[in-house]
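In: Fold the following and give me the result.
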Amino acid sequence: MITLDLDALDLEDGMRVLDLGCGRGRHLHALYWHERALDVTGLDLDFDDLDAAIDGFFELPPPPAEPPRTAVFSVGDAGRLPFADDSFDAVICSEVLEHLPDVDLALAEIDRVLKPGGKFALSVPRYWPEAICWKLSTGYQNTPGGHVRIFKDSELRARVERQGYRFFKRHWAHALHSPYWWLRCAKWDRQEDSRTVRAYRKVLEWDLIEAPRLTRWSEKLLNPVLGKSVALYFEKAAA
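Out: A predicted model of the protein is given here:
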């Protein structure tokens, strides 16, 4: 399930791209199989998720051999990235910042490793769908390793712009997932026993695999109103 528009990053052959908080590799795999031959790095704090991301590379057909491309994996903390200054042409960070205790430290580290003129794309849960989840379930709020804050996209945009970045794009994603998470939160203590939750999950899984035109167009129309995630895109000032 892809949240970010990778084409908005103006990627070219040979560029180095960091997927910060890559998880199980949903964006990392898309970057590696991108039409441009990229050198991608996936970093996450969770060993199990990184293992799953690595396994995913063996479940898909290999990309073209030329031009060459690489994939590197690293265990690390967003607040102390194990990379030299100006290492990457682009950085993506999808559904990560809401988990971090110190967002400004992570943004400073992203700024440090991103080259001047590089692109930075992030996504976080949208404010009002996330706020409903918090109101419906204290269990959702208190999940270990879960979300510790809710962002207003205007405030998050301002935090990045204060570092000298130019904002150039915003969109929303995953409208069909908002009601699903409201259902889960409303039935938090018994969600696995809920026929409604299980049925909705099967619909989302079917949509992910089959991508039927009806649900794809429906979600596209609903995203500006109901999108569960908001994505923001920035360009770092040139040196």
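In: Please export the C-alpha coordinates of the lowest-mean-pLDDT helix or strand in the chain as CSV.
Out: For the chain, the helix or strand with the lowest mean confidence is helix 138-141, at a mean of 92 (criterion: mean pLDDT, DSSP states H and E). Taking C-alpha atoms only, helix 138-141 is exported to CSV below (Å, rounded to 0.1, in the frame of the first residue of the first chain):
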residue,chain,number,x,y,z
THR,A,138,-7.9,4.7,24.9
GLY,A,139,-6.4,1.3,24.0
TYR,A,140,-5.5,2.7,20.5
GLN,A,141,-3.8,5.7,22.1
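In: which residues sit against that helix?
Out: 133, 134, 146, 147, 184, 185, 188, 189 (CB atoms under 8 Å, 6 or more residues apart in numbering). Backbone N, C-alpha and C define where each C-beta goes, glycine included.
In: Do I have it right that the third one meets residue 125?
Out: It refers to residue 146. No: using CB atoms under 8 Å, residue 146 is not in contact with residue 125, being 10.8 Å away.
In: neighbour count winner among those two?
Out: Using other CB atoms under 10 Å, the more surrounded residue of residue 146 and residue 125 is residue 125, with 23 against 11.
In: Cross-check the contact I'm expecting between that one and residue 98.
Out: Yes: counting by CB under 8 Å, residue 125 does reach residue 98; the two are 5.8 Å apart.
In: Please enumerate the shared neighbours of those two.
Out: Common neighbours of residue 125 and residue 98 (CB under 8 Å, 6+ apart) are 147, 150, 151.
In: which stretch of helix or strand covers the closest residue in space to the last one that isn't next to it in sequence?
Out: What it means is residue 151. With CB to CB, 6 or more residues apart in numbering as the criterion, residue 151 has its nearest non-adjacent residue at 4.9 Å, and that residue is residue 124. For residue 124, the enclosing helix or strand under DSSP states H and E is strand 114-125.
In: other SSEs contacting that strand?
Out: strand 88-94, helix 153-161, strand 229-236 (3 or more CB pairs under 8 Å, 6 or more residues apart in numbering; DSSP states H and E).
In: from the contacts of helix 138-141, which would you call buried?
Out: 133, 147, 184, 185, 188 (16 or more other CB atoms under 10 Å).
In: can I get the residues you listed in a markdown table with pLDDT, distance to residue 69 and secondary structure?
Out: Formatted as a markdown table, the buried ones among the contacts of helix 138-141 follow (pLDDT from 0 to 100; distance: CB to CB, whole Å; DSSP: H, G, I helix; E, B strand; the rest coil):
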| residue | pLDDT | distance to residue 69 | secondary structure |
| --- | --- | --- | --- |
| 133 | 97 | 38 | helix |
| 147 | 94 | 33 | coil |
| 184 | 96 | 38 | helix |
| 185 | 96 | 40 | helix |
| 188 | 94 | 42 | helix |
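In: Report the contact partners of the spatially closest residue to residue 94 that is not a sequence neighbour.
Out: Closest residue to residue 94 in three dimensions, ignoring its sequence neighbours and counting by CB to CB, 6+ apart: residue 123, at 4.6 Å. Shown in contact with residue 123 (CB under 8 Å, 6+ apart): 3, 4, 93, 94, 95, 173, 229, 230, 231, 232.
In: name the helices or strands packed onto the one helix or strand residue 220 maps to?
Out: If you go by DSSP H and E, residue 220 is part of helix 213-226. Under the contact criterion of 3+ CB pairs under 8 Å, 6+ apart, helix 213-226 touches strand 165-173.
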